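**Q** Here's a sequence, model it:
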Amino acid sequence: MIRIKSKKIITPDGVINGYVYIENGKIVDISAEEKSAGESYDFGEKFVSPGFIDMHTHGGGGHAFMNSTVDDVISGSNLHLKHGTTTIVPTISAGSFETMKNAVVNIDKAMKDERSNGIILGAHLEGPYLSAKQCGAQCPVFITKPIAKDYIPLIEEYGDSIVRWTYAPENDDNGAFCKYLTSHGIIASAGHTDAKYEDMSVAIDNGCNLITHLYSCTSTVTRDHGFRSLGVIESAFLRDELFVEIIADGKHLPSDLIKMIVKVKGTDRVALITDSLEIADTDIKEGVMSGTEFIVEDGVCKLKDRSAFAGSVATADRLVRVMVKDCGYETPLAVKMITQIPAKILGINKGEIAVGKDADIVVFDDDINIEKVFVAGKKINF
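**A** Alright, predicted model coming up:
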């Protein structure tokens, strides 16, 4: 038995003063009563929180999740551990289908490697079935409509290691790709898309329930001869069944826009993501990625000419810090959007300090500085 004591335990019912008891990797009790335990920790007035869940990240610490090795996937994932991420979904950008498949294979191998500490949930394919008009930092050379002869064999062989797939609904004829994904337990997420409401309705009818980084490469209202059509952003606000993820690094979205999104969608439908590049948590300030020159300044990666952002360098603890310090949310509410809500989207037994849940736990101070991390009750040493 493991016993964790704190005056600030974040539970679904509020912040409590007491103890969390862990056995066989699960939370078995939460109470004010002190019971005997073989291993005990007293964190005083530090927050004891569910472990953070990052559904969308491309790497970190100099390790990419695409065009990389199994060791890179493991090292990049474990880098995020020290920032409180106890569940990670490595993300693969658009590339040749063979390159993307190889990345899935490496993620599959990394998931099964004990060095990964069991934190890798599976792959997120962000492409190649995207919109050329909304490709953002994705390479337009590889963007295409869904090709069944490619995705069906991949899913048949590695579907258990694919968690989600981002695609553009307007290029999915009759929702066939979306339907195939969801029928195989893969989350269909609309992103890098120029879809109109009609396209989104077809996607929703076929199981799409998530928007990839809302406001980043997602369409808005358009007008044709005076007649207006809703885009993906408005569809997300109109349809309550849709979850949205946001890059809450304080750069991609200003704090007022974050607050508007949360006000409209509610805290039960918003998940925080890093969408971090491989250079997250490094001292790299400039270089070339995927043939594109970049610089890092003002806490974000930019194109070298500073004409646009080139990606995020955030880690999960920074997201919570932005939500609390910049947006003014109470810490438990910010934590909810990077624990409970991602867990609900992903359908996993994590994201809450509650009896029966996996004992993934993060300890941090009022400034969201990570002090300790536990995965399945095991203390991680950095």
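**Q** From now on I want contacts and neighbour counts done on CA atoms only, so please keep to that.
**A** OK.
**Q** Show the contacting residues for the spatially closest residue to Ala195 that is not a sequence neighbour.
**A** Nearest residue to Ala195, sequence neighbours excluded (C-alpha to C-alpha, 6 or more residues apart in numbering): Glu170, at 5.0 Å. Neighbour list for Glu170: Thr193, Asp194, Ala195, Lys196, Asp199, Met200 [criterion: C-alpha atoms under 8 Å, 6 or more residues apart in numbering].
**Q** Ala248: which of these is nearest?
**A** Thr193 (20.0 Å; C-alpha to C-alpha).
**Q** Is that closest one in contact with Thr166, as I believe?
**A** No: Thr193 is beyond contact range of Thr166, at 9.3 Å (criterion: C-alpha atoms under 8 Å).
**Q** Find residues that contact each of those two.
**A** Common contacts of Thr193 and Thr166 (C-alpha under 8 Å, 6+ apart): Leu130.
**Q** follow-up on the earlier one: in helices, which of the contacts of Glu170 fall?
**A** Using DSSP state H, the subset of the contacts of Glu170 located in helices is Asp199, Met200.
**Q** Strands of the stretch 151-300 of the chain, residue ranges please.
**A** 162-167, 187-190, 210-211, 222-224, 227-229, 243-247, 270-273, 286-289, 292-297, 300-303 (DSSP state E, counting those that start in this stretch).
**Q** could you give me the average pLDDT of stretch 19-28?
**A** Mean pLDDT, stretch 19-28: 98.
**Q** Likewise for stretch 88-100?
**A** Stretch 88-100 carries an average pLDDT of 96.
**Q** and that stretch, how far apart are its ends?
**A** The straight-line separation of the ends of stretch 88-100 (C-alpha to C-alpha, to the nearest Å) is 18 Å.
**Q** Flag every buried residue along it.
**A** By neighbour count with 16 or more other C-alpha atoms under 10 Å, stretch 88-100 contains the buried residues Ile88, Val89, Pro90, Thr91, Ile92, Ser93, Ala94, Gly95, Phe97, Thr99, Met100.
**Q** do you know how far the first one is from Gly347?
**A** According to C-alpha to C-alpha, Ile88 and Gly347 sit 14 Å apart.
**Q** Any stretches of the stretch 151-300 of the chain with poor pLDDT?
**A** Residue ranges of the stretch 151-300 of the chain with pLDDT under 70: 290-291.
**Q** ok, back up a step: adding distance to Gly59, write the strands of the stretch 151-300 of the chain out as JSON lines.
**A** JSON lines is the format used below for the strands of the stretch 151-300 of the chain (distance: least, C-alpha to C-alpha, whole Å):
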{"stretch": "strand 162-167", "distance to Gly59": "17"}
{"stretch": "strand 187-190", "distance to Gly59": "20"}
{"stretch": "strand 210-211", "distance to Gly59": "21"}
{"stretch": "strand 222-224", "distance to Gly59": "35"}
{"stretch": "strand 227-229", "distance to Gly59": "36"}
{"stretch": "strand 243-247", "distance to Gly59": "15"}
{"stretch": "strand 270-273", "distance to Gly59": "13"}
{"stretch": "strand 286-289", "distance to Gly59": "12"}
{"stretch": "strand 292-297", "distance to Gly59": "16"}
{"stretch": "strand 300-303", "distance to Gly59": "14"}
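**Q** got CSV for the ones you listed, with distance to Leu181 and mean neighbour count too?
**A** Formatted as CSV, the strands of the stretch 151-300 of the chain follow (distance: least, C-alpha to C-alpha, whole Å; neighbours: other C-alpha atoms under 10 Å):
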stretch, distance to Leu181, mean neighbour count
strand 162-167, 8, 25
strand 187-190, 6, 28
strand 210-211, 13, 26
strand 222-224, 29, 9
strand 227-229, 27, 11
strand 243-247, 17, 25
strand 270-273, 21, 28
strand 286-289, 30, 13
strand 292-297, 32, 16
strand 300-303, 32, 21
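**Q** which one of those lies closest to Thr315?
**A** That would be strand 270-273 among the strands of the stretch 151-300 of the chain, by C-alpha to C-alpha, at 8.7 Å.
**Q** Lys265 against Asp240, yeah?
**A** Yes: Lys265 is in contact with Asp240 according to C-alpha under 8 Å; the separation is 7.4 Å.
**Q** Between those two, tell me which one has more neighbours.
**A** Taking neighbours as other C-alpha atoms under 10 Å, Lys265 and Asp240 compare with Lys265 leading, 20 against 13.
**Q** Find the nearest non-adjacent residue to the more buried one, please.
**A** According to C-alpha to C-alpha, 6+ apart, the nearest residue to Lys265 is Phe237 (6.3 Å).
**Q** contacting residues for Gly59?
**A** Phe65, Val73, Gly76, Ser77, Pro90, Thr91, Ser276, Leu277, Glu278, Ile279, Ala280.
**Q** Quickly list what it is bridged to.
**A** Beta-bridge pairing of Gly59, defined through DSSP bridges, involves Ala64.
**Q** ok, it to Met66 distance?
**A** Here the distance between Gly59 and Met66 works out to 8 Å (C-alpha to C-alpha).
**Q** and for these two, which residues touch both?
**A** Joint contacts of Gly59 and Met66 (C-alpha under 8 Å, 6+ apart) are Thr91.
**Q** And the residue nearest the centre of the protein?
**A** Nearest residue to the geometric centre of the chain (C-alpha atoms, centre = their mean): Met55, 2.1 Å.
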